[in-house]
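Peer 1: Pasting a predicted model and its sequence here:
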Amino acid sequence: MSRGHWLREVRGVLLDVDGVLYRGREILPGAHAFLQFLAAEGVPFVYVTNNSTLSPEAYAERLTRLGFPATPAQVVGSAEATAHLLKQTYPSNALRLLVIGETGLFETLQRYGFTLVDDAASADAVVVGLDRRLSYARLAEATYALRRGVPFYGTNPDRTFPTERGLAPGAGAILALLQAASDRDPQLVGKPERPIFELALERLGLSQGPVVMIGDRLDTDILGAKRLGLRTVLVLTGVTPEVPPPGPQSPDLTVATLQELHALWQQAIMPAKDEVPPTGG
């Protein structure tokens, strides 16, 4: 049976962004054509990203500017997944949050009705995402709050993220510092944890079934999707640069680029398109 033959059965796609569609400002090979192919075949897709620095609206605007079709409803980021989980856990929205992050995380949490504070004494919980202008003072306030015993949430565990210059520190690196300083472990929300995948599947309108996750990280994209019983494709254009050895995180399919995945998918559906339905009589 041909490699990737099961692609013909896929009815929905969860698609990572950084390291799959682009790396920094660099559009990756075959990215635009692949999304055009999904649209032409009528396969719905949702962008699923651990990046918490942009709101769904800002992320959709960025994707559109880069030539990718996107609406805010098609973007499920770790910022929104965190806000969604907090709203489920604390329905009154009375929680006061001390947040390490950037504009997208602040805006999303406020849109869900939460109050943001800057001092440890006022904080009911600490939420941590990527902050590229992080100060020691902010880390200290978060540590004081955590030492006081308030709940600790991490938008995602990514220790690095791909840029055109190489791998840069991610939210997971900030979480590691706070874990060392507070002797506390966070509750994680983004990939590979269930909350972000469940929200993405809800947004896609499909349950586990014939859904595929396409990503560049074994420890988040692939591992998380496999835990939920989804099919997985690893693209070697981001954090994982070479075919991984067999193991519990092994993807169902590994491709060098989206260009290669596009070709395999077309090959997989050709027999189905060529089949002639039997005539009556």
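Peer 2: That came through, no problem. Residues are numbered from 1 along each chain as shown.

Peer 1: List the contacts of the helix or strand containing residue 116.
Peer 2: For residue 116, the enclosing helix or strand under DSSP states H and E is strand 115-117. Residues outside strand 115-117 that contact it (Cβ atoms under 8 Å, 6 or more residues apart in numbering) are 94-99, 106, 109-110, 123. C-beta: built from backbone N, CA, C; applies to glycine.

Peer 1: buried residues in stretch 224-235?
Peer 2: Neighbour-count burial for stretch 224-235, with 16 or more other Cβ atoms under 10 Å as criterion, is recorded at 224-226, 228, 230-235.

Peer 1: Widest-spaced pair of the residues you listed?
Peer 2: Spatially, the most separated pair among the buried residues of stretch 224-235 is 228 and 235, at 19.2 Å (Cβ to Cβ).

Peer 1: Please state the offset of stretch 25-43 from the chain centre?
Peer 2: 18 Å (Cα atoms, centre = their mean, to the nearest Å).

Peer 1: same question for that stretch, mean pLDDT?
Peer 2: Mean pLDDT, computed over stretch 25-43, is 95.

Peer 1: Ok, stretch 250-268 next?
Peer 2: 96.

Peer 1: List of residues touching it?
Peer 2: The list of residues contacting stretch 250-268 from outside it, by Cβ under 8 Å, 6+ apart, reads 2-8, 20-21, 28-31, 33-34, 37, 212, 214, 218, 222, 231-237, 243-244.

Peer 1: Could you check the chain and say which of its helices or strands has the lowest average pLDDT?
Peer 2: Least confident helix or strand, the chain: strand 160-163 with a mean of 83, by mean pLDDT, DSSP states H and E.

Peer 1: who does that strand touch, helix- and strand-wise?
Peer 2: Secondary-structure packing of strand 160-163 (3 or more Cβ pairs under 8 Å, 6 or more residues apart in numbering; DSSP states H and E): strand 166-169.

Peer 1: now do 10 Å
Peer 2: strand 22-23, strand 166-169, helix 171-182 (3 or more Cβ pairs under 10 Å, 6 or more residues apart in numbering; DSSP states H and E).

Peer 1: Would you mind saying which of these lies nearest residue 52?
Peer 2: Of the helices and strands packed on strand 160-163, nearest to residue 52 by Cβ to Cβ is helix 171-182, at 6.6 Å.

Peer 1: Before I go, just wanted to say thanks for your time.
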